[in-house]
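Peer 1: what follows is a predicted protein model with its sequence.
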Amino acid sequence: MKQNELAILLSINEAIVTIQNKQNLFKIIFERLSGVLHFQFAGIILLDISKTRVEAFMKGLYAPGEFLDLTSGVNQMPLSEYPFSVSIKTPQITRTNMEEVVVPAKMARPEGMKEFMRLNVVSEIIHAPLLKGGEIIGFLNLGFAEKNTIKNKDFDFLQKIADQVAISVSINTAFDQLVQKEYYKNTQLRVNNSLASEKERDQLFIKIATEVNKIFPCSYVGLNVKISSPEERITVCFTKNKHGEMVVFPVNRNRDLPLLTLRSQIKPELEKKYHEYSPEEFAVLCRQSAHFQILHDKHGVDTIFFTSFSTLEEFEINLILAKGNNEQFYESEIQFILQMMPQFTLVLNNYFAYEEINHLKKQLEQEKNYLLEEINLPENFQEVIGNTAQMQQLLYKVQQVAPLDVTVLIQGETGTGKELIARAIHNLSDRKDKALVKVNCAALPATLIESELFGHEKGSFTGAIETRIGKFELANGGTIFLDEIGEMPLEIQSKLLRVLQENEFERVGGKKTLQTNVRIVAATNRILEDEVANGKFRADLFFRLNVFPLQVPPLRQRLEDIPLFVKYFLEKYSKKLGKNVLSIKKADLETLMQYNWPGNVRELEHLIERAIIISTGNNLEMSNLVLSNTKVGEINPASIKPLVEIEREHIITALRATGGKVTGENGAAAILGINGKTLGSKMRKLGIKREILIK
C-alpha cells in the first residue's frame, strides 16, 4: 500500500474516533479524500431495513470546498427508481457512465438530478458498497468529471476507505438509534399523558390525529375502529388546514372506505403489518371510493399508508395516512407509527370501556330512580283483588302467559287496574329480577314520545344537552308496559313495530343501531279494532300486539269484589292519613254495591279516600258522597258526573282538608298519593286556585 494511502486511512480512522458530529465528520473525511481522488462530489446513501429504498445519509452531498444541503430535495426513494445500476446481492465496486443514465420520469425530482450532474460536469460515478457483517447497508458514491479517473487497480484502496466509512456510518446509526429510542420513549409518554385524560370522544379522536401528525407529518389521517363486532365501527377522518391544524374531513358512511381492499394488502403470514399504496394502486382505490377520489382532487393525495392492529378482545384499529405534494413515507416514521399502534389501541380500548361503564352507570342510576318512583306510587300493591269468577279466570290466564316471553295486550275501561295485571305478568315471569318500566303514551306530547321511548343523542334537538337513554334501553332484560297505547302517534307506531320485529332501534339523532331484549305488555281502554278500521292505528302493529289478549272486567260486572276493595282502601288510607277509620256501615256498603261505577276501581278508591278525610269517628262517613239514584240498571245518564269533574271535586276536598297546603308532609299531594308537581299541573289544568280555597 502506498504511503499516502496509508496516511489517509489512518487520518480517517482518527477522525472517526475523535469527531462526534456526523456532518463535520464526513466533511473532514471527504476533504481528505478529495486531495487524492479529485472527485466532483461525494455522498453516502443507505438502504432501509427491507433494502427496497435508498436514503441520503446526511440529506446532502459534499463537493470540494462546500457541503450541499439537499434537505428540501429527494431524501428517500424506492430502489427501483434509483437511476444508477447497483447490485445489493453481489456487493462490489461498480461504475456508472452518466451518458447511459436514464432518470426515471416518475422520480420525484428528475430535473434536479440532471441539473446537478450538468453543473458539476460529472461523467462517471463510482459506487463503493458499505458493508456491515458481510451485508450491504449502503454505498459511498464519488462523482468524477472524467472517466476512469479511478483505475481498477485502485479499487482495493477505495474499498478500504468504504470499509472505514461503513464503520463510521454504523457508529453514527447506532448513536442515532439510541437518540431516537429516547425520543420515542419521551413521545410515547407525552402521547399517553395527552390522551389518557380525555373523556370526550370527538376530542379524543382529534387529539390522536394531532399526535399522529407530529410523529408522521401528513396531510390526512383516517381512523376506523371496530369495537366488538363488524356492525360497531366508528370512522373518523381529518385533513390539515392552512394553519397546520387537523380538522374533520366528513365521512358520510362507513362503507365509503373500502377496508377489505385496504386490509387485503397486509400479509400476516409474511409478518407484514402495513402497506404503502403507490399512485397506480391509489388510482384503483379512487375508482372504488368517492372518499379517496375527493382526497386526490382536493388535497393532491396520490399515495397512502395503511396499517391495522387488533387485540385478542376483538378490538381493532385501522389507520390511513397520506402525504401531499409527492412527499414520501420514511422508514423511521413507519416503524415509530407501528410501535405506537398498540398504545393508540390501548387508549381507545380503555376509552370505550370507560364509555360503556359510564353508559351502564347512567342506566343503573335511571333504573334506580325509576324504581324508587315506582315504590312511591300509591297503586303499587302486589296482589290483584278479586274473587269473582271473571277475575279468577283472568288471573288464570295471567298465570298461563306470564312465563312465556310473548307480547300481551290488556284491554279494559279506565280505572279497572290494567297496570296491576301488567305488574302481575312481570312478577310471575323470568324477568322479575329486572325492571318493569312504565310509559303512559297518552301523557307524553307527540314531539317527545320518540325520545322518551328510544332516547336521544347530545345535540339531536334543541334542549338535548346530553345523551339520554330511552325506556327501551332502561328496560333491557326486563319488561316495558306501554299504557294507553291507542294514543300513540302513527309515526311512532312504525318504529315500535320495528322493535317488535327486529329487537333494534336508533336513538333520536343517532346513527348506531341498538339491540334490545325486552318484553312488551301494552294496555288500552280503546277498541283497537275500531281504531284500525278508522286508520288511527296500524293493523300490522295491532296483530303484533294482540298475540295474547286479556280483558279486565269493569267493576260493575264484579260488584261482589267491592267489600274487598273497601277493606283494602280503608286500611291503606287510614294509615296514610293518620286516622282510625276501620269500618263501614252496612247500608253504605249496600249503596256502594248498587252504584254503576263509571270510573271503576279508581273512582271507588278516590271515594273511600275522600270519605276518610271527612270522617270524624271510627265509621266511614258516606252520607254526603253517595247518591241514592245510582243503582245498577237504574242510573239516569244525565246524573253521571264527568270524570274530570269528579277529579276536580276530589282535589278541592283534599286541599280544603289541608288548609290549602299543596306539597310537603301532610300536604294535599301526599294525601292524594301523587307528586307535588303533578298536583300543581292538574290544578292549573282544572282551574283550581289555591288562594280561593283558603279565604
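Peer 2: Perfect, I can see it now. Numbers count the residues shown, from 1 in each chain.
Peer 1: and residue 247, backbone torsions?
Peer 2: phi -130, psi 160 (degrees, to the nearest 10).
Peer 1: skip the chain neighbours and tell me the closest residue to it.
Peer 2: residue 241 (5.0 Å; C-beta to C-beta, 6 or more residues apart in numbering). Quick note: C-beta positions are derived from backbone N, CA and C, even for glycine.
Peer 1: what number of residues lie near that neighbour?
Peer 2: 9 (other C-beta atoms under 10 Å).
Peer 1: pLDDT value on it, please?
Peer 2: On pLDDT, residue 241 comes in at 83.
Peer 1: ok, now residue 546?
Peer 2: 92.
Peer 1: what's around residue 550, how many residues?
Peer 2: 19.
Peer 1: and what about it, helix, strand or coil?
Peer 2: Under DSSP: H, G, I helix; E, B strand; the rest coil, residue 550 falls in the strand class.
Peer 1: quick check: it touching residue 406?
Peer 2: No. Judged on C-beta atoms under 8 Å, residue 550 makes no contact with residue 406 at a distance of 11.8 Å.
Peer 1: phi, psi for the residue nearest to residue 247 please.
Peer 2: phi -90, psi -180.
Peer 1: thought it was touching residue 220?
Peer 2: No. Taking contacts as C-beta under 8 Å, residue 241 lies outside contact range of residue 220: 11.8 Å.
Peer 1: mind listing what's buried in stretch 502-514?
Peer 2: Using 16 or more other C-beta atoms under 10 Å as the burial criterion, the residues of stretch 502-514 that qualify are 505, 506, 507, 508, 510, 514.
Peer 1: just how off-centre is that stretch within its chain?
Peer 2: Centroid separation between stretch 502-514 and its chain, computed with C-alpha atoms, centre = their mean, to the nearest Å, is 12 Å.
Peer 1: now do the end-to-end distance for that stretch.
Peer 2: Stretch 502-514 has its terminal residues 11 Å apart, counting by C-alpha to C-alpha, to the nearest Å.
Peer 1: also stretch 544-563?
Peer 2: 38 Å.
Peer 1: report the buried residues of it.
Peer 2: 544, 545, 548, 550, 552, 553, 554, 555, 558, 559, 561, 562.
Peer 1: okay, now the unreliable bits of the stretch 451-600 of the chain?
Peer 2: For the stretch 451-600 of the chain, the stretches flagged by pLDDT under 70 are 464.
Peer 1: and the helices in it?
Peer 2: 471-474, 490-502, 528-533, 539-545, 562-577, 586-594, 600-614 (DSSP state H, counting those that start in this stretch).
Peer 1: same question for the helix or strand residue 422 falls within: list its buried residues.
Peer 2: Element membership for residue 422, per DSSP states H and E: helix 418-427. For helix 418-427, the neighbour count (16+ other C-beta under 10 Å) marks 418, 419, 420, 421, 422, 423, 424, 425, 426 as buried.
Peer 1: that helix to helix 600-614, inter-axis angle?
Peer 2: 110 degrees (axes from the mean of the first three to the mean of the last three C-alpha atoms, to 10 degrees).
Peer 1: quick one: contacts of helix 418-427?
Peer 2: 379-382, 384, 394-395, 398, 401-402, 408, 410-412, 432, 436, 438, 478-479, 481, 483, 519, 521, 523, 525, 550, 552 (C-beta atoms under 8 Å, 6 or more residues apart in numbering).
Peer 1: can you tell me how far the closest residue to residue 385 other than its chain neighbours is from residue 555?
Peer 2: Nearest residue to residue 385, sequence neighbours excluded (C-beta to C-beta, 6+ apart): residue 564, at 5.0 Å. Separation of residue 564 from residue 555 (C-beta to C-beta, to the nearest Å): 11 Å.
Peer 1: residue 516 too?
Peer 2: 36 Å.
Peer 1: now do residue 170
Peer 2: Distance from residue 170 to residue 555, by C-beta to C-beta: 98 Å.
Peer 1: also residue 591?
Peer 2: 14 Å.
Peer 1: ok, residue 98 next?
Peer 2: From residue 98 to residue 555 the distance is 109 Å (C-beta to C-beta).
Peer 1: and for residue 455?
Peer 2: Residue 455 is 38 Å from residue 555, by C-beta to C-beta.
Peer 1: the strands in the stretch 301-450 of the chain, which residues?
Peer 2: With DSSP state E, counting those that start in this stretch, the ranges of strands along the stretch 301-450 of the chain come out as 304-310, 316-322, 408-411, 436-440.
Peer 1: before we move on, the earlier item: now render the buried residues of helix 418-427 as CSV, adding pLDDT.
Peer 2: CSV is the format used below for those (pLDDT from 0 to 100):
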residue, pLDDT
418, 91
419, 90
420, 90
421, 92
422, 92
423, 89
424, 90
425, 92
426, 91
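Peer 1: between those, which is closest to residue 316?
Peer 2: Set against residue 316, the nearest of the buried residues of helix 418-427 by C-beta to C-beta is residue 426 (39.5 Å).
Peer 1: tell me which residues in stretch 338-346 are buried?
Peer 2: 340, 341, 344, 345, 346.
Peer 1: quick one: contacts of that stretch?
Peer 2: Residues contacting stretch 338-346 (C-beta under 8 Å, 6+ apart): 184, 188, 191-192, 195, 208, 212, 215, 273-274, 307, 309-311, 315, 317, 319.
Peer 1: can I get the buried part of those residues as one PyMOL selection?
Peer 2: Under the burial definition 16+ other C-beta under 10 Å, those of the contacts of stretch 338-346 that qualify are selected in PyMOL by:
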select buried, resi 184+191+195+208+212+215+274+307+309+315+317+319
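Peer 1: this protein - how does it break down into domains?
Peer 2: The chain is divided into the following domains under automatic domain parsing: 3-179, 197-353, 377-553, 558-693.
Peer 1: of those, which is nearest residue 361?
Peer 2: domain 377-553 (11.1 Å).
Peer 1: which residue, other than its chain neighbours, is closest to the one residue sitting closest to the centre of the chain?
Peer 2: Geometric centre of the chain, nearest residue: residue 234, 6.6 Å, by C-alpha atoms, centre = their mean. Spatial nearest neighbour of residue 234, excluding adjacent residues (C-beta to C-beta, 6+ apart): residue 225 at 4.7 Å.
Peer 1: I'd assumed residue 319 was in contact with the one you found.
Peer 2: No. Look at residue 225 against residue 319 with C-beta under 8 Å: they stay out of range, at 9.9 Å.
Peer 1: how about the residue nearest to residue 121 when sequence neighbours are not counted, what does it touch?
Peer 2: Among residues not flanking residue 121 along the chain, residue 145 sits closest, at 4.9 Å (C-beta to C-beta, 6+ apart). If you count contacts by C-beta under 8 Å, 6+ apart, residue 145 has them with 40, 120, 121, 122, 123.
Peer 1: the same query, at a cut-off of 7 Å, please.
Peer 2: 40, 121, 122, 123 (C-beta atoms under 7 Å, 6 or more residues apart in numbering).
Peer 1: looking at the residues you listed, spot the one nearest residue 645.
Peer 2: Nearest to residue 645 among the contacts of residue 145, with distances taken as C-beta to C-beta, is residue 122, at 108.3 Å.
Peer 1: A strand includes that closest one, no?
Peer 2: No. Going by three-state DSSP, the assignment for residue 122 is coil, not a strand.
Peer 1: measure how buried it is and give me the count.
Peer 2: Residue 122 has 20 nearby residues by other C-beta under 10 Å.
Peer 1: repeat that for residue 592.
Peer 2: 22.
Peer 1: one more: residue 167?
Peer 2: Neighbours of residue 167 using other C-beta under 10 Å come to 16.
Peer 1: got a pLDDT number for the nearest residue to it once chain neighbours are set aside?
Peer 2: Residue nearest to residue 167 in three dimensions, not counting chain neighbours: residue 16, with 6.3 Å by C-beta to C-beta, 6+ apart. Looking at residue 16, its pLDDT reads 74.
Peer 1: next one: residue 16 from residue 28, what distance?
Peer 2: 10 Å.
Peer 1: could you do residue 417 as well?
Peer 2: Shown here: residue 417 relative to residue 28, a distance of 100 Å by C-beta to C-beta.
Peer 1: equivalent analysis for residue 441, please.
Peer 2: 88 Å.
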